[in-house]
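> prediction below, plus the sequence it came from.
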Amino acid sequence: MTTFDADGITLEKVRDYVWEIPQEGGMNAPARVLASEALLEEIQQDKALQQLKNSAHLPGVRKHAICMPDGHQGYGFPVGGVAGIDAEDGCISPGAIGYDINCGVRMMTTNLSYTDLQGREEELVENLFSNVPSGLGGGGVVQVDGDGIEAILERGMDWALEEGWAVEDDLAHCEDEGYRPEANAQKVSKKAKDRGANQVGSLGSGNHFLEVQRVTDVFREDVGEAFGLEEDQIVVLIHCGSRGLGHQVCTDYLRDIEQAHQGMLNQLPDKELAAAPAGSQLAEDYYEAMCAAINFAWVNRQLIMHRTRQVFERVFDRDWQAMEMDLLYDVAHNIGKKEVHTVEGGEERELFVHRKGATRAFPAGRPEVPAAYGDVGQPIIIPGSMGAGSYVLRGGERSLEETFGSTAHGAGRLMSRTQAKNEFWGEDVRDDLREQNEIYVKAQSGATIAEEAPGVYKDVDEVVRVSDALGIGDKVARTYPVCNIKG
Amino acid sequence: MGYELREHTADVAVEATGATLDAVFGAVADGLAAAMCDEIPDDGERFDLDVRAENREALLFDYLDELIYERDVRGVLPVEHQATVAETGDGTWTCEASARGVRLSAVDARDVKAVTYSEMALEATADGWRAYVVFDV
């Protein structure tokens, strides 16, 4: 048997790109890493594998805890982690979903070509930067009152539609149509609502960004056509989450669960994995609050998209409808959801599928896939770094069997933020991207550009190659940055 | 005594030391401010906050969470932290703290999303106290 030794943790090769850490000690299932040897070499450099083993201690974890090809160390659960945990006799763990509930990505297509945009990059990046709120304390597209926050939390994109921030077609092209019906605003604290009130329609900072991109390759013509993608086309990618509201929901419930369910916590090797037993009041309350934060994040990305349409109208002097600025899809990559999957022994079980830095990747035929993509599988958007390509995939045929219907979420970080700031200077990175790659970057903070320099990320091409080879997310198209704004 | 920002692949970690619990709490909070902003101006009004929790570690967590909350709702970067930590005797720990709030519009700052329990340490040493906290960025 081929094995890989990673600083005290031995992984057994199951087949190409599939590595298993056998169940031992307090683990309730084995753990798997989906990676090439090159990616595994990178994944084993930090504490990601130990965190993956820790996550397999969660009660009710089914089949195996999984690390995606872009995995790296996070807090509690690794980033790139997926766990399907039994919704009847398992648990739900806020820390294993993440602070940024429904952090995700949406892509909007256009009928503009790269040549339509060339020569106007500077004007576009300046206009986007001036009009799309970003950074710390930058406000939002709209300031809402208490009733407004409640409505956003309860109704998600339906609220945006009623208020004129969205059109019907936007909802039809969003995961869950931009609305989780289980959401209950009463389960969200006042503190969380206070933080969200002035952040509706804001990018934030860190690795969040808005990017105008051009399609460089379409690998599967039929699926590309179904997704409305063709080479040389301009698209817009928006990456952000539920802002302070979602962060506070996770924090609040982590503390409540820590105090109420100490017994379960004592079985876990990391306090950040604190979990509420399935069926407990806190499990129900957290799920409803998390669903409300999910709704908030969808509205957040919708308002940024609405503002982006307005900016394009101004710069190109045409209606956004005339530029066919349509939502291709919106996917979450920090989320927990009740889904039915086949587990050990072929049994169908309802699970809390925890995806933290992992994207749902349902193939054709799964009822949750929107009607527009029912025949080809759901779109998956994998953002790369600002100097590398991003990818559009579609849900692969093997995703349900291998990963509870999940794949990677990005390139995955390789270098710490502190090291990045020592190695890169924001202004130099920005100038190099413009001069060498014709990429126009504008950020609130030069330090953010340094922390997000292309060199701090794994090779997104390799991450996507492994996803495609495993059949969990099939490569459809590649895009390349033209303009990038960030906090 | 003071703080250092430590390596973490995705997030940011603060390691702090202090002769007393008061000092180490304040030093972690100063490290949080440094994780968000490199150059801090001198202006801004001081504000107070009080936190209570069931143990020392939870108190540190709640104190840092409260600072992040105050940052978002006041629109200020909390800096120059002072904290007084005490055990009340009925199993409750309290932190009476203050900070200077620098308007976010006056600084070039990045977001820190939340405090985490991951790898958290708060321990007595030969010289006083040491803390290690990972923040989600």
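Thanks, I have it.

> please make it C-alpha for all contacts and neighbour counts, starting now.
OK.

> next one: stretch B:116-132 to chain centre, how far?
From the chain centre to the centre of stretch B:116-132 is a distance of 13 Å (C-alpha atoms, centre = their mean, to the nearest Å).

> close to chain A, is that stretch?
Yes: Stretch B:116-132 is in contact with chain A by C-alpha under 8 Å from any C-alpha of the partner chain, via B:116-119.

> could I get these as TSV with neighbour count and secondary structure?
Compiled in TSV, the residues of stretch B:116-132 next to chain A are given as follows (neighbours: other C-alpha atoms under 10 Å in any protein chain shown; DSSP: H, G, I helix; E, B strand; the rest coil):
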residue	neighbour count	secondary structure
B:116	23	coil
B:117	24	coil
B:118	22	coil
B:119	14	coil
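
> tell me which of those residues is nearest to residue A:130?
Taking C-alpha to C-alpha as the measure, residue A:130 lies nearest residue B:116 of the residues of stretch B:116-132 next to chain A, at 32.9 Å.

> my guess is that closest one meets residue A:94, correct?
No: under the criterion of C-alpha atoms under 8 Å, residue B:116 makes no contact with residue A:94, lying 11.4 Å away.

> do you know the pLDDT at residue A:418?
If you check residue A:418, the pLDDT there is 86.

> spell out which parts of chain B neighbour chain A.
Close to chain A, as judged by C-alpha under 8 Å from any C-alpha, chain B has residues B:5-12, B:65, B:69, B:72-73, B:75-76, B:104-105, B:108-111, B:113-119, B:134, B:136-137.

> how close does the residue in the stretch 151-300 of chain A positioned nearest to chain B get to residue A:281?
The nearest approach of the stretch 151-300 of chain A to chain B comes at residue A:272, 5.0 Å away (C-alpha to the nearest C-alpha). Residue A:272 sits 20 Å away from residue A:281, going by C-alpha to C-alpha, to the nearest Å.

> comparing the two, which residue is more hemmed in?
residue A:272 (24 against 11; other C-alpha atoms under 10 Å in any protein chain shown).

> point me to the residue of chain B nearest chain A.
Taking C-alpha to the nearest C-alpha, chain A has its nearest neighbour within chain B at residue B:9, 4.2 Å off.

> who touches that residue in this structure?
When contacts are counted by C-alpha atoms under 8 Å, 6 or more residues apart in numbering or on different chains, residue B:9 touches A:46, A:72-74, A:413-417.

> equivalent analysis for residue A:46, please.
Applying C-alpha under 8 Å, 6+ apart, the residues near residue A:46 are A:72-73, B:9.

> relative to residue A:399, which of the residues you listed is nearest.
Lowest distance from residue A:399 to those (C-alpha to C-alpha) belongs to residue A:72, with 20.5 Å.

> the closest one is in contact with residue A:412, isn't it?
Yes: applying C-alpha under 8 Å, one finds residue A:72 in contact with residue A:412, separated by 6.7 Å.

> and residue B:66, what's its pLDDT?
With respect to pLDDT, residue B:66 scores 98.

> before we move on, what about the one 5 residues further on?
Residue B:71 carries a pLDDT value of 98.

> ok, the closest residue to residue A:141 other than its chain neighbours - how many residues close by?
In space, and not counting its chain neighbours, residue A:141 is closest to residue A:201: 4.7 Å by C-alpha to C-alpha, 6 or more residues apart in numbering or on different chains. Using other C-alpha under 10 Å, the number of residues around residue A:201 comes to 31.

> ok, residue A:201 - contacts?
The contact partners of residue A:201, by C-alpha under 8 Å, 6+ apart, come to A:132-133, A:140-142, A:299-304.

> now do 7 Å
Residue A:201 is in contact with A:140-142, A:300-301, A:303-304, counting by C-alpha atoms under 7 Å, 6 or more residues apart in numbering or on different chains.

> and it, what pLDDT?
So residue A:201 comes in at 98 (pLDDT).
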